[in-house]
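# Sequence first, predicted coordinates after that:
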Amino acid sequence: MIPDLITLRIDKTQGFSDQIKAKQQELQPWIAQISEKQAAIDIARSEHATLSTKVEEAKNAGAQAQEQLEKIKAERQEKVCS
C-alpha cells in the first residue's frame, strides 16, 4: 500500500517537475543576459566609485593649493609692507 502511494505521489509531481525543467530551459538565455547586464552594472559602479574618489582627491588638492597660494600672497604682502 505505501509503495503505491509513493508511486502515485511521484507520478503526480513528475508532470510538474517536467514543466519546471522546461521553463528553466526556456529562461536560460534570459538568465545569461541578466548575468551579463549585472556584471556590466557592477563594473560601472566600481568605475563610478573610483572616479568619485579621484574627484574628491582633486578637490582636496585644489583646496590645499589655494590655501598655499593665499599663504604665499600673505607672506609676500608682509615682505612688501616691511
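Structure received. Fair warning: this is a prediction, and the values are worked out from it, not measured in the lab.
# Could I get the full set of helices for the chain?
For the chain, helices defined by DSSP state H occupy the ranges 2-81.
# could you point out where it is predicted with low confidence?
In the predicted model of the chain, residues 1-11, 82 satisfy pLDDT under 70.
# let's see 90
Along the chain, the parts satisfying pLDDT under 90 run over 1-18, 75-82.
# Go ahead and flag the most central residue of it.
Nearest to the geometric centre of the chain sits residue 42, at 3.2 Å (CA atoms, centre = their mean).
# who are the neighbours in contact with that one?
Contact analysis of residue 42 by CB atoms under 8 Å, 6 or more residues apart in numbering lists nothing. C-betas here are computed from N, CA, C, even on glycine.
# mind checking how far it is from residue 68?
39 Å (CB to CB, to the nearest Å).
# can you check residue 33 too?
52 Å.
# what do you get for residue 75?
Plainly put, residue 75 is 10 Å away from residue 68 if you go by CB to CB.
# circling back to that earlier point, roughly how far does the residue nearest to the centre of the chain sit from residue 36?
The spacing between residue 42 and residue 36, counted by CB to CB, is 11 Å.
# now swap in residue 43 and tell me
Taking CB to CB as the measure, residue 43 falls 11 Å from residue 36.
# and what of residue 80?
For residue 80, the distance to residue 36 equals 65 Å [CB to CB].
# quick one, which of these two is more surrounded?
Higher neighbour count among residue 80 and residue 36: residue 36, with 10 against 7, using other CB atoms under 10 Å.
# Appreciated, that's everything.
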